[in-house]
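> The following comprises the amino acid sequence and a computationally predicted model.
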Amino acid sequence: MNQDKLFKWLHPLAGSRLSVLSRVVSENGVNSVGWKQFVTAAGCTALGAPIRVYERMRHGRAIANQKLDPPPVFIIGHWRSGTTNMHNHLLQDPQFGHLSLLQCLLPWGNITLSPLLRRALQKSLPATRPMDGVQLGLDEPMSEDFALGAMTDVSHYHGYYFPRQGDSIFRRTILFEGLSEKEIAQWQETYRYLLQKVALANGGRQLLLKNPAHSGRIPTLLKMFPNAKFIHVYRNPFVVVASTMKLMDRFLNLFSLQQHDWNAVQEDVLQRYQMLMQRLFRDKELIPQNQLLEVSHEEMTKHPLEVLQRIYSHLNLPGFDTAQPQMANYVQSMSNYETNRYKFDDATVTRWTPFLQASIDRWGYTPPADKSPRANEAVSVSGS
């Protein structure tokens, strides 16, 4: 089974509760593009209801008693800024636990059904992620909003399923605009339950979580975990936006339940970049200095072990000397990995710069000039 067919068949909403599925669909709407995926997801949701009840009864007490101590380490930053790369390097340290793809596919029933689903998908799962060629496996780390999209109506993943409502979904689920205190409290309850479940599956290890959407939720996260540690990864904003547009193209092709206007999507990416970074720049000041470290993706790719050592030192994380050999092995294994390259015409630079200006001013980036031998393979980005 090719990856497009697999991801279209295994829509992330298939792991929902009926109440969540009906609410997000009634609020956002499904048209002819998404009816087959919706019907399949609804069928899986209905069939999974007894499993969800059983899992709550069988494992609910153990999940509720699972402590999140020490609190999580959160990796934040805009999508495609290098958060996955940072996550994968740090997860070479066995002291950390993480949320896996398998847990995201069945957030309500993964303890019960994981062995069955693992056998069913092991051979058919694509070897790499659809947007960047990074290794993909059932145990590979994922962002929590993937799972939250099936557990609650407050998840930015719904913007991939319902792109015509993308702006309101972004504001509501990332910036928490328009949410009542009750709705935020319900989100916190669901999120804590998810993390306790993940921690239980990881033997109580400290969770290392990568979720770009959390860049807009810092005040809420600090209320939940006042002593949490944060790693902010940033990158050339021109590359980030170009790569995010590529991600959106792939994700909308795989998961969208609505027709959408691609020109409008590209405009939305620019506006959301600006909104998210403004919120992040404002709210990161709430994080105590010894609980936050900011690092560029470019430095991380050039000097990964030095950056990792600095992270452990600044955030007072134990175990770097023990984890360093495995981290060094991972760095060596990634030595031949090549990221996508982008070329920007003048019209694009002019069009994008106002939305990226705050990041440009803060970090001093300019549009990258690709003069490498692979320049002719670069992705061309043109203004329109």
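Everything's here; your move. Residues are numbered from 1 along each chain as shown.
> Torsion angles phi and psi at Gln259?
Gln259 has phi and psi values of phi -70, psi 150 when expressed as degrees, to the nearest 10.
> Next up, the contacts around it.
By C-beta atoms under 8 Å, 6 or more residues apart in numbering, Gln259 lies in contact with Asn31, Ser32, Val33, Arg164. In this view, the C-beta of every residue, glycine as well, is placed from N, C-alpha and C.
> which residues touch the first one?
If you count contacts by C-beta under 8 Å, 6+ apart, Asn31 has them with Leu257, Gln258, Gln259.
> Please convert these to CSV, extending it with pLDDT.
Written out in CSV, the entries for the contacts of Asn31 read as follows (pLDDT from 0 to 100):
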residue, pLDDT
Leu257, 96
Gln258, 95
Gln259, 93
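> which among these gets closest to Asn316?
Leu257 (44.8 Å; C-beta to C-beta).
> Please name the nearest non-neighbouring residue to the closest one.
Gly34 (2.8 Å; C-beta to C-beta, 6 or more residues apart in numbering).
> Give me the mean pLDDT for the helix or strand harbouring Tyr54.
Assigned by DSSP states H and E, Tyr54 belongs to helix 35-65. Helix 35-65 shows a mean pLDDT of 93 in the predicted model.
> Could you list every helix and strand that that helix packs against?
helix 3-9, helix 18-28, helix 110-121, helix 181-201 (3 or more C-beta pairs under 8 Å, 6 or more residues apart in numbering; DSSP states H and E).
> wait, what's in contact with the residue positioned nearest the centre of the chain?
For the chain, the residue sitting closest to the mean C-alpha position, by C-alpha atoms, centre = their mean, is Ser143 at 3.6 Å. Ser143 is in contact with Leu99, Leu209, Lys210, Asn211, Pro212, Ala213, counting by C-beta under 8 Å, 6+ apart.
> In contact with the second one: list those residues for me.
Residues in contact with Leu209 (C-beta under 8 Å, 6+ apart) are Pro72, Val73, Phe74, Ile75, His98, Leu99, Ser143, Glu144, Leu195.
> secondary structure class for it?
The three-state label for Leu209, taken from DSSP: H, G, I helix; E, B strand; the rest coil, comes out as strand.
> so where do the helices sit in the stretch 201-350 of the chain?
Taking DSSP state H, counting those that start in this stretch as the criterion, the stretch 201-350 of the chain contains helices spanning 218-224, 237-255, 262-283, 297-302, 304-314, 320-333, 346-363.
> So for Leu18, which of those helices sits nearest?
With respect to Leu18, and counting by C-beta to C-beta, the nearest of the helices of the stretch 201-350 of the chain is helix 237-255 at 19.5 Å.
> Against which helices or strands is that closest one packed?
By 3+ C-beta pairs under 8 Å, 6+ apart, helix 237-255 packs against helix 3-9, helix 158-161, helix 262-283, strand 342-344, helix 346-363, strand 379-381.
> Alpha carbons of it, as CSV, please.
Extracted in CSV, the C-alpha atoms of helix 237-255 (Å, rounded to 0.1, in the frame of the first residue of the first chain):
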residue,chain,number,x,y,z
PRO,A,237,12.1,32.4,8.5
PHE,A,238,12.1,32.3,4.6
VAL,A,239,13.0,28.6,4.7
VAL,A,240,10.5,28.0,7.5
VAL,A,241,7.6,29.5,5.5
ALA,A,242,8.6,27.8,2.3
SER,A,243,8.8,24.4,4.1
THR,A,244,5.6,25.0,5.9
MET,A,245,3.8,25.6,2.6
LYS,A,246,5.2,22.3,1.4
LEU,A,247,3.9,20.6,4.5
MET,A,248,0.5,22.1,4.1
ASP,A,249,0.3,20.9,0.5
ARG,A,250,1.1,17.4,1.6
PHE,A,251,-1.1,17.3,4.7
LEU,A,252,-4.1,18.9,2.9
ASN,A,253,-3.8,16.3,0.1
LEU,A,254,-3.8,13.5,2.7
PHE,A,255,-6.2,14.7,5.3
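> in it, what counts as buried?
237-248, 250-252, 254-255 (16 or more other C-beta atoms under 10 Å).
> likewise stretch 153-160?
Neighbour-count burial for stretch 153-160, with 16+ other C-beta under 10 Å as criterion, is recorded at Asp153, Val154, Ser155, His156, Tyr157, His158, Gly159, Tyr160.
> what distance separates that stretch from the middle of the whole chain?
What separates the centre of stretch 153-160 from the centre of its chain is 11 Å, taken as C-alpha atoms, centre = their mean, to the nearest Å.
> beta partners for the residue nearest to Trp363 when sequence neighbours are not counted?
Taking C-beta to C-beta, 6+ apart, and ignoring the residues beside it in sequence, Trp363 has Tyr234 as its nearest neighbour in space, at 6.3 Å. When bridges are called by DSSP bridges, Tyr234 pairs up with Ser296.
> Thought Glu294 was touching Tyr234, still the case?
Yes. Checked against C-beta atoms under 8 Å, the pair Tyr234 and Glu294 is within contact range at 6.7 Å.
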